[in-house]
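Student: Coordinates for the following, if possible.
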Amino acid sequence: MAWPPSETLWLAVALVLIFEGLLPLVAPSFWRRTFGELLKLRDGQLRFFGLMALGSGLLLWWSMG
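Tutor: This next block holds a predicted model:
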């Protein structure tokens, strides 16, 4: 990939920011409670969720290519 990153990469970053900002904008108390519960998870549980998110993203990317 050439530097600076392509327009598609910036579009992907923009979409992530849009989706990440929706819940705190629409339901801030729910967002706060949800993150409070996430803080109670053990490291292994958080790693599992991270692995599943990474795997899902890679699978989606692979299926689109």
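Student: Compute the distance from the centre of stretch 41-52 to the centre of its chain.
Tutor: 14 Å (CA atoms, centre = their mean, to the nearest Å).
Student: Check the gap between residue 56 and residue 50 for me.
Tutor: 11 Å (CB to CB, to the nearest Å). Where you see a C-beta, it was placed from the backbone N, CA and C, and this is true even at glycine.
Student: quick one: buried residues of the host helix or strand of residue 53?
Tutor: Following DSSP states H and E, one finds residue 53 within helix 43-64. When burial is assessed from 16 or more other CB atoms under 10 Å, helix 43-64 yields no buried residues.
Student: Just the CA trace of it, in PDB.
Tutor: Extracted as PDB, the C-alpha positions of helix 43-64 are listed here (Å, rounded to 0.1, in the frame of the first residue of the first chain):
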ATOM      1  CA  ASP A  43      -8.300 -10.700  30.700                       C
ATOM      2  CA  GLY A  44      -9.000 -14.000  29.100                       C
ATOM      3  CA  GLN A  45     -12.600 -13.100  28.400                       C
ATOM      4  CA  LEU A  46     -11.600  -9.800  26.900                       C
ATOM      5  CA  ARG A  47      -9.000 -11.500  24.700                       C
ATOM      6  CA  PHE A  48     -11.700 -14.000  23.500                       C
ATOM      7  CA  PHE A  49     -14.000 -11.100  22.400                       C
ATOM      8  CA  GLY A  50     -11.000  -9.400  20.700                       C
ATOM      9  CA  LEU A  51     -10.100 -12.700  18.900                       C
ATOM     10  CA  MET A  52     -13.700 -13.100  17.800                       C
ATOM     11  CA  ALA A  53     -13.900  -9.500  16.500                       C
ATOM     12  CA  LEU A  54     -10.600  -9.900  14.700                       C
ATOM     13  CA  GLY A  55     -11.600 -13.200  13.200                       C
ATOM     14  CA  SER A  56     -15.000 -11.900  12.100                       C
ATOM     15  CA  GLY A  57     -13.400  -8.900  10.500                       C
ATOM     16  CA  LEU A  58     -10.800 -11.000   8.700                       C
ATOM     17  CA  LEU A  59     -13.500 -13.400   7.500                       C
ATOM     18  CA  LEU A  60     -15.600 -10.600   6.200                       C
ATOM     19  CA  TRP A  61     -12.600  -9.000   4.500                       C
ATOM     20  CA  TRP A  62     -11.600 -12.300   2.900                       C
ATOM     21  CA  SER A  63     -15.200 -13.000   1.700                       C
ATOM     22  CA  MET A  64     -15.400  -9.600   0.000                       C
END
